[in-house]
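[1] give me a model of this one.
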Amino acid sequence: MRKFVNLGITLLFGVLFLGLVGIALAQEKENEFIIFHYWTAGGEKEAIDALFELYQKRNPGVKIVENPVAGGGGETMLAVLMSNLAAGMPPDSFQDHQGNQQKDYIDAGYLEPVDDIWAEANFEARINPMWVKTLKFGGHVYSVPINAHRTNWLLYNKKIFDELGIKPPETYDELLEACKKIKEAKPDISPLALGTREKVWSTYLYDMVLLTTGGPDFYEQANTGKIDFRNDPTFRKAMERYAALIPYIYPWHATKSWDEAGALLKTGEAAMYWMGDWVLGYYLSIGMQPEVDFSATAIPKDIWMGHADTFPLPKGAPHPNNARDWIRMCTTPEAQKAFNLIKGSVTIVNDVPPDVYPDPYRQRSAHDLRTLRAVCDGFHGGMITPAFGSELMDILTRFLVDQDVDAAIQAIAEAAERTNLAEACSWFWEQ
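    Below you'll find the predicted structure:
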């Protein structure tokens, strides 16, 4: 009998020992946090580094393993990430957006909900309802946005504008008129910078002409496939407006990344740049002074257009506790401020006052996001699907060369049909 009692005690201690070993191993496994992102340019890298520093203070024993993949717009990183997800080797989190971009991951079963983190932080009550509409799927949320990027900014070389006495444009017509004046007065300068080494940036001008031609309702309908692309007169007018800008665009745009195109304002090779507010962080990093070397204006002035960068929770994350703490950290005003003061964007939460920003552009953006009609931009905001967006990039980069409005309209219509754009975006209108 004593033998069985001793055996039982031995087994009990063995089980307890193995349990403690298991816990120790689990804790040892949680000593890393693996993240994918494509913030590698000036201003971007410093912003994500600020988040890493804050996370390390919260988790001093955790090693951050970042996998930065260069390429503005994230095309390169997305290809690497998707192969990892498909192979069942996800990171702990990654840089994502919202809308159709995120929906693809959800539909594939790659993400887990973070409803509890939103509830703990009272997050939904602290953000613009537009974000909720593009981040909630089937009643669940799968990520936390870290920022709000405004993408209807026109940056301009202030010295050129002051010299020529040009009023900062606030409409498409004023933009076209400014292009004409600059070209006439300074023929060696490109009125409008653009970089299409990553083709995604061609879609930003597309968003602008849709929004300024048809207004926000038409814009959302067009980007979700609810118009007749071939026969809609407003869409044709928008494409004609795009074509009218092409002669004023930097001719070697295919050789430039987004930041290299932005630098054309510093060198004086271009006068204006249609780009998101992350270019502000880049300009500050290369020594350009606001209201001295450059300034910014919104087109149209009465609409806030943009997107958020988000951090989702992948299903099967190798270090789920660390992943959840990263996502939880990103709901805090402290993390939002640390990131956005460097990045050039504004906090997505409305409990950080606009006056925390040292420049007038983000003060205006934060104020406008609270008070104006807001829409998500097409590609990064996930209004269009990745499948349609991929074809749209090719169509628009070809359009930048041949300027054939009829061919572009036909190609866009065919792409929308081939990728089932309207059906794929139906979720947007059901919420």
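
[2] residues near N59, how many?
    As a burial measure, N59 scores 18 neighbours (other CB atoms under 10 Å). For every residue, glycine as well, the C-beta is placed using N, CA and C.

[3] is it true that it touches R324?
    No - counting by CB atoms under 8 Å, N59 does not reach R324; the two are 11.4 Å apart.

[4] next up, the contacts around F161.
    Residues near F161 by CB atoms under 8 Å, 6 or more residues apart in numbering: 168, 271, 295.

[5] so which helix or strand takes in it?
    Element membership of F161 [criterion: DSSP states H and E] is helix 158-164.

[6] what about that helix, average pLDDT?
    What helix 158-164 shows for mean pLDDT is 98.

[7] just to revisit the earlier point, from the contacts of F161, which is closest to A415?
    Using CB to CB, A271 comes nearest to A415 of the contacts of F161, at 32.6 Å.

[8] am I right that that closest one is in a strand?
    Yes - assigned with DSSP: H, G, I helix; E, B strand; the rest coil, A271 falls within a strand.

[9] so what's Y105 up against?
    If a contact means CB under 8 Å, 6+ apart, then Y105 has 85, 96, 111, 142, 312 as its contacts.

[10] could you check how far the fourth one is from A108?
    Distance, Y142 to A108, by CB to CB, to the nearest Å: 12 Å.

[11] neighbour count for those two, which is higher?
    Neighbours were counted for Y142 and for A108 using other CB under 10 Å; Y142 has more, 25 against 12.

[12] how about the helices in the stretch 301-431 of the chain?
    Here the stretch 301-431 of the chain has its helices, by DSSP state H, counting those that start in this stretch, at 320-329, 333-343, 360-371, 386-402, 405-418, 421-424, 426-430.

[13] closest one to L211 among those helices?
    Each of the helices of the stretch 301-431 of the chain has some distance to L211 by CB to CB; the shortest is helix 360-371, at 14.2 Å.

[14] and that closest one, how far out from the chain middle?
    In terms of CA atoms, centre = their mean, to the nearest Å, the centre of helix 360-371 is found 17 Å from the chain centre.

[15] for stretch 406-423, same thing?
    Mean C-alpha position of stretch 406-423 versus that of the full chain (CA atoms, centre = their mean) differs by 24 Å.

[16] one step back: out of the contacts of Y105, who's the most crowded?
    With neighbours set by other CB under 10 Å, the maximum within the contacts of Y105 is found at P312, which has 28 neighbours.

[17] was I right about that residue contacting Q102?
    Yes - counting by CB under 8 Å, Q102 is a contact partner of P312 at 6.8 Å.

[18] list the residues that contact both of those two?
    Counting by CB under 8 Å, 6+ apart, the residues touching both P312 and Q102 are 96, 111, 142-143.

[19] export those to a markdown table and tack on distance to W118?
    Output for those, formatted as a markdown table (distance: CB to CB, whole Å):
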| residue | distance to W118 |
| --- | --- |
| D96 | 16 |
| L111 | 14 |
| Y142 | 10 |
| S143 | 10 |
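
[20] sitting in helices, which of the contacts of Y105 do you find?
    Among the contacts of Y105, the members falling in helices (DSSP state H) are L85.

[21] so which of the contacts of Y105 comes closest to R370?
    D96 (24.2 Å).

[22] my guess is that closest one contacts H307, does it?
    No - at 10.6 Å, D96 does not count as touching H307 under the criterion of CB under 8 Å.

[23] in stretch 144-151, what counts as buried?
    Within stretch 144-151, the residues scored as buried using 16 or more other CB atoms under 10 Å are 144-151.

[24] I'd like to know which of the residues you listed are part of strands.
    Within the buried residues of stretch 144-151, residues falling in strands by DSSP state E are 144-145, 149-150.

[25] which one of these is nearest to I34?
    V144 (17.4 Å).

[26] that closest one and E124: what is the separation?
    Taken as CB to CB, the span from V144 to E124 is 11 Å.

[27] ok, now M329?
    Distance of M329 to E124, given as CB to CB: 18 Å.

[28] more crowded one of these two?
    More crowded of M329 and E124, by other CB under 10 Å: M329, with 22 against 14.

[29] per-residue confidence for that one?
    98.

[30] quick check: it touching Y55?
    Yes - the pair M329 / Y55 is scored as a contact, 6.1 Å apart, by CB under 8 Å.
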